[in-house]
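> missing the sequence, but the structure's below:
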Ligand code: C2O
Ligand code: CU
């Protein structure tokens, strides 16, 4: 595979001496894990769930005793967890009190295009944006973050992101669901800091030796450095979101007993899957069940991920890095928890597309899709509303990429021709695409019509996305001739 045009000789020394990062043994884990507040939703007379989200700048003590300039939602860093029931009409009121225009995108949500919060729904400073749509999809751990074209990496890095849970009642009593007690949000981000403890944005764009964009040396969970969680029940559910710009984690528990995966990005798995590690690329989520014994201290750790890249690129992309992420401290006596479920109420498997339906091939370059860079005025794909398609993602280069499709849920059919492990059998919306590898997806598209307003598909390494590794699709009534679709999308 290619090595992103870097001279292999000069590279080796740099890679080996300066790109292995670790916090193991360096960070004391003694700061309580912050739990993002639940957003206070108000039920309007007409039944809509109104949620006020104010994007604002502020200062946050990210490193102990140091103040950093940060951005957040209803606070100075990150945002509240929004919970919505299937069937609710969600009506966020998003006010942009940041000094720059931005957007707020509901990652993993099926919704009308004008509500998506992609790069076409810009919110000027001081403006209020009020989308509203009926949520109708299976329970899942989604999230929200800005999506202004070219600036997503900075806006997310400064702290604009939050969780968005869809509940449907199907798993009631089966899984721990006491928010912040045995059902724990775990937003994992890597960051670099200046000597003064401010966020360091150096290298946030790809370029030079940065093939992925910024990789941080410090790990924050829910904005806390060196976090510890007191565990009071025999089993806890960790809803892990990789909200990092570029870093890929491979999560393990240092007690060596492994854990169970119960959900992927976009819904529950059919049954808990025992694993000893789980790789998560940016934008991906997983729900884990972790068992502890009384008084036990266990670290959630990221060991060097297998990126499938050649050695030089692997090192540049963080493939040698190792971090402690979160310390779990069991109390001397633990309350009983729901037993490990035998089966879970997973959404039905997606039906394969009808014969003759379209299979698409998307070829990834650096940092192009099908040889093209993102153009906000170009539609790259016309997809029949509510249809199922097979998408073949061909990463033709030596760089790690991943892939996210808006307003869609997919199953991973195979990676390099092999079906994925059982932990990846659930519905997803984001997937890792290793270098020089083909990943095949079975994609179910949303059913809200969108003939002129586009949805995005893109690499979720934010520096790649911002550099133009993104395309646009519209959803049209089945049978529409793709050639009659408006070539220039409507901008809100
Ligand atoms: Cu999480 Cu298009 O993004
Ligand atoms: Cu990429």
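Sure thing, it's come through. Everything numeric here is computed off the predicted structure, so don't read it as measured data. Ligands and ions are numbered 1, 2, ... in the order given.

> and the strands in the stretch 51-200 of the chain, which stretches?
68-73, 82-85, 89-96, 105-107, 128-129, 133-134, 140-145, 162-167, 183-191 (DSSP state E, counting those that start in this stretch).

> average pLDDT across the last one?
Strand 183-191 comes out with an average pLDDT of 98.

> tell me how far it is from the chain's mean position?
Put simply, strand 183-191 sits 11 Å off its chain's centre (C-alpha atoms, centre = their mean, to the nearest Å).

> same question, stretch 180-199
From the chain centre to the centre of stretch 180-199 is a distance of 15 Å (C-alpha atoms, centre = their mean).

> quick one: residues contacting residue 423.
For residue 423, the contact set (C-beta atoms under 8 Å, 6 or more residues apart in numbering) comprises 261, 264, 269, 273, 275, 278, 286. Yep, even glycine has a C-beta here, placed from its N, CA and C like the rest.

> look at the fourth one and say how many residues are nearby.
Just to be clear, that refers to residue 273. By other C-beta atoms under 10 Å, 20 other residues sit near residue 273.

> ok, now how distant is it from residue 171?
15 Å (C-beta to C-beta, to the nearest Å).

> cool, the fifth one as well?
The span separating residue 275 from residue 171 equals 19 Å under the rule C-beta to C-beta.

> how about the residues of the stretch 351-492 of the chain that lie near ligand 2?
Contact residues, the stretch 351-492 of the chain versus ligand 2 (C-beta under 5 Å from the ion): 401, 459, 461, 464.

> still on that earlier bit, out of the contacts of residue 423, list just those in strands.
The members of the contacts of residue 423 that map onto strands under DSSP state E are 261, 264, 269, 273, 275, 278, 286.

> more neighbours: residue 275 and residue 171, which one.
Taking other C-beta under 10 Å, residue 275 and residue 171 do not tie; residue 171 has more neighbours (20 against 17).

> let me see the contact set for that one.
139, 177, 268, 344, 345.

> ok, the most centrally placed residue in the chain to ligand 2 distance?
Nearest residue to the geometric centre of the chain (C-alpha atoms, centre = their mean): residue 283, 1.6 Å. Separation of residue 283 from ligand 2 (C-beta to the ion, to the nearest Å): 11 Å.

> so that residue: helix, strand or coil?
coil (DSSP: H, G, I helix; E, B strand; the rest coil).

> same check, this time on residue 472
Here residue 472 is recorded as strand under three-state DSSP.

> the closest residue in space to it that isn't next to it in sequence is in what secondary structure piece?
Using C-beta to C-beta, 6 or more residues apart in numbering and skipping residues adjacent in sequence, the residue nearest residue 472 is residue 454, 3.7 Å away. Applying DSSP states H and E as the criterion places residue 454 in strand 450-458.

> in its sheet, what does that strand sit against?
Strand pairing for strand 450-458, determined by DSSP bridges: strand 401-405 (antiparallel), strand 470-476 (antiparallel).

> from the chain's centre, how far out does it sit?
The chain centroid and the centroid of strand 450-458 are separated by 19 Å under C-alpha atoms, centre = their mean.

> quick one: average confidence on the helix or strand harbouring residue 464?
Mapping residue 464 onto the secondary structure by DSSP H and E places it in helix 462-466. When pLDDT is averaged over helix 462-466, the result is 97.

> enumerate the residues of this structure near ligand 2.
Proximity of the chain to ligand 2 (C-beta under 5 Å from the ion) is limited to residues 401, 459, 461, 464.

> hang on, the earlier thing: top of the contacts of residue 423 by neighbour count?
When neighbours are counted by other C-beta under 10 Å, residue 264 leads the contacts of residue 423 with 30 neighbours.

> state the pLDDT value of the residue lying closest to it once chain neighbours are set aside.
Nearest non-adjacent residue to residue 264, counting by C-beta to C-beta, 6+ apart: residue 426, 3.7 Å away. Confidence at residue 426, expressed as pLDDT, is 93.

> same check, this time on residue 206
Predicted confidence (pLDDT) for residue 206: 77.

> likewise for residue 353?
At residue 353, the pLDDT value in this model is 79.

> do residue 5 as well
pLDDT, residue 5: 37.

> residue contacts, the residue in the chain that ligand 1 sits nearest to?
Using C-beta to the nearest ligand atom, the closest approach of the chain to ligand 1 is made by residue 107 at 3.6 Å. Contacts of residue 107 were listed using C-beta under 8 Å, 6+ apart, and they are 142, 143, 144, 145, 164, 283, 404, 406, 429, 430.

> dump the residues you listed to a markdown table, plus pLDDT.
What follows is these, written out as a markdown table (pLDDT from 0 to 100):
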| residue | pLDDT |
| --- | --- |
| 142 | 98 |
| 143 | 99 |
| 144 | 99 |
| 145 | 99 |
| 164 | 98 |
| 283 | 98 |
| 404 | 98 |
| 406 | 98 |
| 429 | 98 |
| 430 | 98 |
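
> from these, list the ones also adjacent to ligand 1.
Residues of the contacts of residue 107 in contact with ligand 1 (C-beta under 6 Å from any ligand atom): 145, 283, 404, 406.

> counting neighbours, which of those residues comes out on top?
Using other C-beta under 10 Å as the neighbour criterion, residue 283 leads the ones next to ligand 1 among the contacts of residue 107 with 28 neighbours.

> wait, it touches residue 404, no?
Yes - using C-beta atoms under 8 Å, residue 283 is in contact with residue 404, at 5.4 Å.

> re earlier: could the strands of the stretch 51-200 of the chain go into JSON lines alongside distance to residue 365?
Shown next, in JSON lines, are the strands of the stretch 51-200 of the chain (distance: least, C-beta to C-beta, whole Å):
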{"stretch": "strand 68-73", "distance to residue 365": "32"}
{"stretch": "strand 82-85", "distance to residue 365": "36"}
{"stretch": "strand 89-96", "distance to residue 365": "34"}
{"stretch": "strand 105-107", "distance to residue 365": "24"}
{"stretch": "strand 128-129", "distance to residue 365": "34"}
{"stretch": "strand 133-134", "distance to residue 365": "35"}
{"stretch": "strand 140-145", "distance to residue 365": "25"}
{"stretch": "strand 162-167", "distance to residue 365": "32"}
{"stretch": "strand 183-191", "distance to residue 365": "26"}
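
> chain center to stretch 40-59: distance?
Relative to its chain's centre, stretch 40-59 lies at 22 Å (C-alpha atoms, centre = their mean).

> please apply the same query to stretch 32-48.
Centroid displacement of stretch 32-48 relative to its chain, using C-alpha atoms, centre = their mean, is 21 Å.

> now tell me what touches that stretch from outside.
Contact with stretch 32-48 is made by 49-53, 74-75, 78-84, 88-91, 132, 162-163, 179-180, 184-185, 187, 221-224, 227-230, 326, as judged by C-beta under 8 Å, 6+ apart.

> count of neighbours near residue 202?
If you count neighbours by other C-beta under 10 Å, residue 202 ends up with 9.

> tell me who's in contact with it.
Listed by C-beta under 8 Å, 6+ apart, the contact set of residue 202 reads 192, 214.

> over to the one 4 residues further on?
With contacts defined as C-beta under 8 Å, 6+ apart, the neighbours of residue 206 are 212, 213, 367, 463, 464, 467.

> cool, and residue 90?
Counting by C-beta under 8 Å, 6+ apart, residue 90 touches 48, 49, 51, 82, 84, 132, 133, 134, 135.
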